[in-house]
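Participant: Need a 3D model of the sequence below.
(one chain, ligands or ions: 2)
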Amino acid sequence: MSSQRSEPTGLYGADADEPAQRRAFAGGAVPVAVYGLGKMGLPLAAVYAEASGAVTGVDIDPDVAEAVDAGECPVEGEPGLPEAVERLAADGSLSATTDAVDAASEASVHVVIVPTLVSDDRPDLSALEAAVRSVGEGLDAGDTVIIESTVPPRTCRDRVAPWLEAESGLGLGEFGLAFCPERTMSGRALEDIRGAHPKVVGGADDESTRVAELIYGGITDAEVYAVSDPTTAECVKVFEGLYRDVNIALANELATLAGEFGVDVPEAIEVANTQPFCDIHDPGPGVGGHCIPYYPYFVISEFEGATPLLETARHVNEYMPEYTVERATEALADRGRDLAEVTAAVFGLAYRPGVDETRASPGVDVAELLADRAETVYAVDPVTTDSPPAGVERVSLDDIEARELDLAVVTTAHEAFESIPWKAFDDVVVLDGRRQFDGDAVGHPLVRLGDGSGEN
Ligand SMILES: NC(=O)C1=CN([C@@H]2O[C@H](COP(=O)(O)OP(=O)(O)OC[C@H]3O[C@@H](n4cnc5c(N)ncnc54)[C@H](O)[C@@H]3O)[C@@H](O)[C@H]2O)C=CC1
Ligand SMILES: CC(=O)N[C@@H]1[C@@H](OP(=O)(O)OP(=O)(O)OC[C@H]2O[C@@H](n3ccc(=O)[nH]c3=O)[C@H](O)[C@@H]2O)O[C@H](C(=O)O)[C@@H](O)[C@@H]1O
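Facilitator: Ligands and ions are numbered 1, 2, ... in the order given. All right, here's what the predicted structure looks like:
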């Protein structure tokens, strides 16, 4: 059951007028708990702490909670975040714990940003349920619950609200609930959260929406878009990701036809995009990360309606690592070389430049395919830290020049790859999957995905 508190510090249904509520929020009189201190949650907790001065971060990982509570930053690759966490912990604006229920009992704004993953092509909301039920145990009348994790449409309505009611004994309307999606990219999280894009808020009732608008009015410099309800806001976030997966699939499918067209497809795409109704994305060796490849399954697996476009786009994008290896095989054969006899290096295991994340990464898929088909396979990635696939030896950028390469496949355009010592290699075929290089820079046979130089 929820604990009783001497004076309500909640915003939901508060008697005070809006200016007084804004002052209370900015003045530390509205305690906030942020559940999930990962790549997105820690930057979010920091910006909330800057705006409110009263944030308790919650994470199930004791090492994470202990580090943040001590002012250390366990999240890498976010400019400004280590300094912010140190400063905010030192001035008391940010603390951290593993005790979710205790934090929930003290807070009156609860922000949930735990992982929402996919397993066997179905959404895995177990972390969300655990966090939300803990919030429910500590929930008080007048509190507001905000979900920032990306979730399938209808999750707040059909799952989160019932979980909160069941654990708290309160009814929706005694507390507020809003879906306010995280529209942030790793590597620029603080900038994005502070206001790179409009913030979308969707409340379960008008009062929830009002409170969410008031809170994010103090968090972001960007416009706050209030939509009809949480499900609409959930759709906004998922639709953004679906658009991206389908759009990239169009670019990829066109790239696989480049040989038949006999043109450089990215050149045609670039010029097609010069008119405002066309925004075809970039072809590449695949679509990685733990968002875009998975959001389609938040719809495909969750709803009865047919989703042939979403499923086909997934198949196109999931084929691209294979297509990339086929193009490499063809490029070697055109020069009388057999993939089975070559030494190959994959440049880029991260799913995108500068981010230490290999989930669903095209570079990992390409390395795995090459490990089955080539004589020797190396992987070079100055950003990621996890082990390469079986049969693939990780080599540093400094050491790769000592290895005699027959094939180099660029799958991630890390900035550090600008200094690849191409001239150190005697006779290497280069397949550039991300258009990071031009022929002059490489000085070896260069094939680029979609350049029309192959049979297909
Ligand atoms: N990573 C990205 O680029 C973006 C992610 N998102 C969404 O943000 C959400 C969080 O993703 P990330 O921060 O990337 O995940 P992450 O994997 O980097 O961090 C998740 C953190 O939550 C903690 N955690 C797990 N279960 C918990 C629980 N029950 N209570 C408290 N903490 C718990 C983990 O220990 C970890 O520290 C996901 O829904 C994702 O879809 C949205 C936009 C961008
Ligand atoms: C709609 C949108 O742009 N969503 C962003 C996306 O960020 P994410 O970190 O997943 O990176 P991304 O740029 O979408 O790239 C995903 C994957 O797709 C590939 N990719 C991307 C764009 C493109 O034209 N071609 C392409 O092949 C990338 O190489 C990468 O492997 O997903 C994030 C999320 O929701 O997690 C979201 O916050 C970000 O704003």
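Participant: The residue lying farthest from the centre of the chain: helix or strand, and which one exactly?
Facilitator: Summary for the chain: using CA atoms, centre = their mean, the residue whose C-alpha lies farthest from the chain's mean C-alpha position is G336, with a distance of 41.5 Å. According to DSSP states H and E, G336 maps onto no helix or strand at all.
Participant: Provide the backbone phi and psi angles at it.
Facilitator: Dihedral pair for G336: phi 70, psi 20, per degrees, to the nearest 10.
Participant: Please list the residues of this protein that sit near ligand 1.
Facilitator: 35-41, 58-61, 64, 100, 113-116, 127, 130-131, 149-150, 182, 184-186, 291 (CB under 6 Å from any ligand atom). From N, CA and C alone the C-beta is placed, and that goes for glycine too.
Participant: Show me just the buried residues among the residues you listed.
Facilitator: Neighbour counting with 16 or more other CB atoms under 10 Å marks 35-41, 58-60, 64, 100, 113-116, 127, 131, 149-150, 182, 184-186, 291 as buried within these.
Participant: taking those one by one, which sit in helices?
Facilitator: With DSSP state H as the criterion, helices contain 41, 64, 100, 127, 131 from among those.
Participant: Any regions of the stretch 101-250 of the chain where pLDDT drops low?
Facilitator: Along the stretch 101-250 of the chain, the model assigns pLDDT under 70 to no residue.
Participant: What segments of it are helices?
Facilitator: Using DSSP state H, counting those that start in this stretch, the helices of the stretch 101-250 of the chain run over 126-137, 155, 161-168, 189-195, 206-217, 230-256.
Participant: Compare those helices and give me the one nearest V442.
Facilitator: Nearest to V442 among those is helix 230-256; the distance by CB to CB comes to 19.6 Å.
Participant: Now that closest one: buried residues?
Facilitator: Residues of helix 230-256 classed as buried by neighbour count (16+ other CB under 10 Å): 230-231, 233-238, 240-242, 244-246, 248-249, 251-256.
Participant: which residue does the stretch 351-456 of the chain bring closest to ligand 1?
Facilitator: Closest to ligand 1 within the stretch 351-456 of the chain is E357: 7.3 Å, counting by CB to the nearest ligand atom.
Participant: what sits against that residue?
Facilitator: Under the criterion of CB atoms under 8 Å, 6 or more residues apart in numbering, the neighbours of E357 are 39, 186, 288-290, 350-351, 384.
Participant: again, only this time at 7 Å
Facilitator: Listed by CB atoms under 7 Å, 6 or more residues apart in numbering, the contact partners of E357 are 186, 289, 350-351.
Participant: ok, now how distant is it from A222?
Facilitator: E357 sits 25 Å away from A222 when distances are taken as CB to CB, to the nearest Å.
Participant: that older thread, which one among the contacts of E357 gets closest to ligand 1?
Facilitator: Comparing the contacts of E357 against ligand 1 with CB to the nearest ligand atom picks out S186 as the nearest, at 4.5 Å.
Participant: Check whether that closest one really touches V355, as I assumed.
Facilitator: Yes. Taking contacts as CB atoms under 7 Å, S186 lies within contact range of V355: 4.8 Å.
Participant: list the residues that contact both of the two?
Facilitator: Counting by CB under 7 Å, 6+ apart, the shared contacts of S186 and V355 are G77.
Participant: which residue sits closest to the residue most central in space within the chain, ignoring its sequence neighbours?
Facilitator: Compute the mean C-alpha point of the chain, and by CA atoms, centre = their mean the closest residue is C291, 5.0 Å away. Ranked by CB to CB, 6 or more residues apart in numbering and with sequence neighbours excluded, the top spatial neighbour of C291 is G241, at 6.0 Å.
Participant: can you check S419 too?
Facilitator: Taking CB to CB, 6+ apart as the measure, S419 lies nearest to L397, with 7.1 Å between them; neighbours along the chain are not counted.
Participant: can you confirm that neighbour is in a helix?
Facilitator: No. Judged by DSSP: H, G, I helix; E, B strand; the rest coil, L397 forms no part of a helix; its state is coil.
Participant: Run a quick neighbour tally on it.
Facilitator: The tally of other residues near L397 (other CB atoms under 10 Å) stands at 16.
Participant: I figured it hits V380, correct?
Facilitator: Yes. Between L397 and V380 a contact is recorded at 5.6 Å, counting by CB under 7 Å.
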